[in-house]
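Enquirer: next input, structure requested:
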Amino acid sequence: MYELQIALRHISARKRLTFFAIFAVALAIGVIVVLMSMMSGFTEELVTTTVENSPHIVVSPMEDDQEYIHFYNHFSEQLRNKEGVLAVSPVFSGQVALQYKDNAEGVDLFGIDPEAENAVVNIEDDIVSGRLFELSRTNNGIVLGDNLAEDLDVVVGDSVDAVIPTAGSRSFRVVGIFNSGTPADENTAYARFDTVRDLFGESGVASRINVRVQDPYQAEMIAQSVESETGLDAVSWIEANSEILELLNTQQVFVWIFYGLIYMIAGFGVANTLITVVMDKKKEIGMLMAMGTSKKHITAIFLLESLILGTIGVLVGCVLGYAGIILLSSYEIDLPSEMYFGLTTLPLKVDLANFVYAIVFSFLINIIAAVYPARRAARLDPVEAIESE
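Expert: Okay, here's the model as predicted:
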């Protein structure tokens with residue numbers, strides 16, 4: 001295949017231009033792979049954190065004027081028997097002021113069954129001091145977010161007072177501290193379901209029912225089914241976080257535009273190399289055409305050159321991208337963990353699909369970049385090309 005031999009000879013004749021063309025493609029591939037891996041990792045980490053640290057579905061009263069769910073045990077049992085539901089946890093919640101010595105903070109106090117709530121949102125995995133299940137053994141235990149505990153200056157074993165202006169106060173002993181890496185660490189506390197309900201002077205009701213489903217991405221469909229069957233309001237995590245998910249989708253569009261610009265820059269590097277070869281090899285191209293080489297074969301020579309440059313650039317770029325991912329994934333973020341949802345390292349995800357997208361897109365850009373110089377070479381007049389030097 002003489003086209004390939006000629007293409008290789010053209011590439012090797014201009015070593016410096018060839019190097020910069022390959023480097024441009026490799027750098028584009030490396031940068032894109034790292035950025036795509038960072039975007040994939042951050043999106044996955046955000047979704048995972050949202051899914052793991054919050055109920056997949058929150059069931060609450062449908063009417064705005066109804067503050068509580070009556071007959072919550074009946075609805076809880078109905079939800080447990082629903083296909084696709086893994087766990088159900090009734091919750092009683094209210095706002096209180098927690099006091100310790102001279103410190104006071106307003107918090108959202110959630111009354112829970114520790115085992116049921118842990119099955120829904122995995123609180124125990126976030127416990128950094130004490131134990132969540134200690135709540136089951138005492139009716140005055142409380143679990144605090146780590147930032148809240150720090151603001152109150154308390155540790156496990158200390159006693160805090162929960163104050164409600166309309167219902168008096170009650171003393172609680174801190175039995176656990178959790179760190180979820182979310183804003184909940186600043187204003188959330190857990191106590192036993194019956195204890196919190198008694199504190200607010202209520203009985204036989206729940207504020208909401210938290211639900212965990214087998215497939216989080218089916219939560220919206222299950223929530224709609226729950227609403228139609230129970231007459232209660234059911235909000236899935238997808239609906240609750242719709243603005244964040246929509247923002248991620250919008251961001252993806254701008255990111256892909258950015259990717260395209262980087263690839264275009266790399267493509268100009270390849271095109272510049274091929275145009276230079278055309279200008280430099282006019283006489284040789286003219287002689288080939290005079291010897292009977294068709295325009296189709298002349299075009300094929302330059303397309304092959306682009307393919308070779310692109311292939312080498314892609315291989316080098318994939319190595320650079322993978323090395324960059326490994327290097328950056330170990331980089332420690334010198335910022336408060338809550339700013340990155342509890343992350344302490346850059347959330348890069350090594351995904352084969354990111355490499356495939358980068359490779360395919362790069363080859364397309366390289367082929368497009370080769371079209372103009374290839375057609376320009378094929379349109380040369382043999383006589384003028386031979387006499388050009």
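Enquirer: okay, and the residue nearest to the spatial centre of the chain sits in which element?
Expert: The centre of the chain sits closest to T43, judged by C-alpha atoms, centre = their mean, with a distance of 0.7 Å. If you go by DSSP states H and E, T43 is part of helix 15-52.
Enquirer: do the same with A189
Expert: Secondary structure assignment for A189, by DSSP H and E: strand 188-192.
Enquirer: give the pairing partners of that strand; include direction for each.
Expert: In the sheet, strand 188-192 lines up against strand 103-112 (parallel), strand 141-145 (antiparallel) (DSSP bridges).
Enquirer: who's in contact with whichever helix or strand comes after the shortest one?
Expert: Read it as strand 141-145. Next in sequence after strand 141-145, counting helices and strands by DSSP H and E, comes helix 146-152. For helix 146-152, the external contacting residues (C-beta atoms under 8 Å, 6 or more residues apart in numbering) are 98, 100, 103-105, 107, 128, 144, 155, 160, 174, 177-179, 185-189, 338. In short, each C-beta sits where N, CA and C put it, glycine included.
Enquirer: returning to what we had before: quick one: mean pLDDT over the strand holding A189.
Expert: The average of the pLDDT scores along strand 188-192 is 94.
Enquirer: could you dump it to CSV, C-alpha only?
Expert: Output in CSV follows, covering the C-alpha atoms of strand 188-192 (Å, rounded to 0.1, in the frame of the first residue of the first chain):
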residue,chain,number,x,y,z
THR,A,188,-29.6,18.4,63.1
ALA,A,189,-30.1,16.2,66.1
TYR,A,190,-31.7,12.8,66.6
ALA,A,191,-33.6,11.4,69.6
ARG,A,192,-36.1,8.6,70.2
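Enquirer: quick one: the helices in the protein, in order.
Expert: 2-13, 15-52, 72-80, 114-121, 146-152, 184-187, 193-199, 219-230, 237-240, 242-280, 282-290, 295-329, 352-378, 382-386 (DSSP state H).
Enquirer: follow-up on the earlier one: just the strands paired with strand 188-192: most buried one?
Expert: Each of those was assessed for mean neighbour count using mean count of other C-beta atoms under 10 Å. The highest is strand 141-145, with a mean of 27.
Enquirer: okay, angle between that strand and helix 114-121 too, please.
Expert: 20 degrees (axes from the mean of the first three to the mean of the last three C-alpha atoms, to 10 degrees).
Enquirer: starting at the chain centroid, how far to strand 141-145?
Expert: In terms of C-alpha atoms, centre = their mean, to the nearest Å, the centre of strand 141-145 is found 30 Å from the chain centre.
Enquirer: what lies in contact with that strand?
Expert: With C-beta under 8 Å, 6+ apart as the test, strand 141-145 has contacts from 98, 107, 123, 127, 130, 132, 134-135, 152, 154, 160, 162, 172-180, 184-192.
Enquirer: go ahead and build a PyMOL selection from the buried members of these.
Expert: Selecting only the buried entries of the contacts of strand 141-145 in PyMOL, with 16 or more other C-beta atoms under 10 Å as the criterion:
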select buried, resi 98+107+123+127+130+132+134+135+152+154+160+162+172+174+175+176+177+178+179+180+184+185+187+188+189+190+191+192
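Enquirer: about what we covered before: distance check, the residue nearest to the centre of the chain against T182.
Expert: 17 Å (C-beta to C-beta, to the nearest Å).
Enquirer: kindly report the same for A370.
Expert: Distance of A370 to T182, computed by C-beta to C-beta: 50 Å.
Enquirer: who's more crowded, the two?
Expert: A370 (25 against 17; other C-beta atoms under 10 Å).
Enquirer: once you drop chain neighbours, what's closest to the more buried one?
Expert: S306 (3.3 Å; C-beta to C-beta, 6 or more residues apart in numbering).
Enquirer: just E45 next, same as before
Expert: For E45, the spatially nearest residue (C-beta to C-beta, 6+ apart) is P347, at 4.2 Å.
Enquirer: that older thread, can you get me a residue count around the residue nearest to A370?
Expert: Neighbours of S306 under the rule other C-beta under 10 Å: 27.
Enquirer: ditto for N249
Expert: Neighbour tally, N249, other C-beta under 10 Å: 10.
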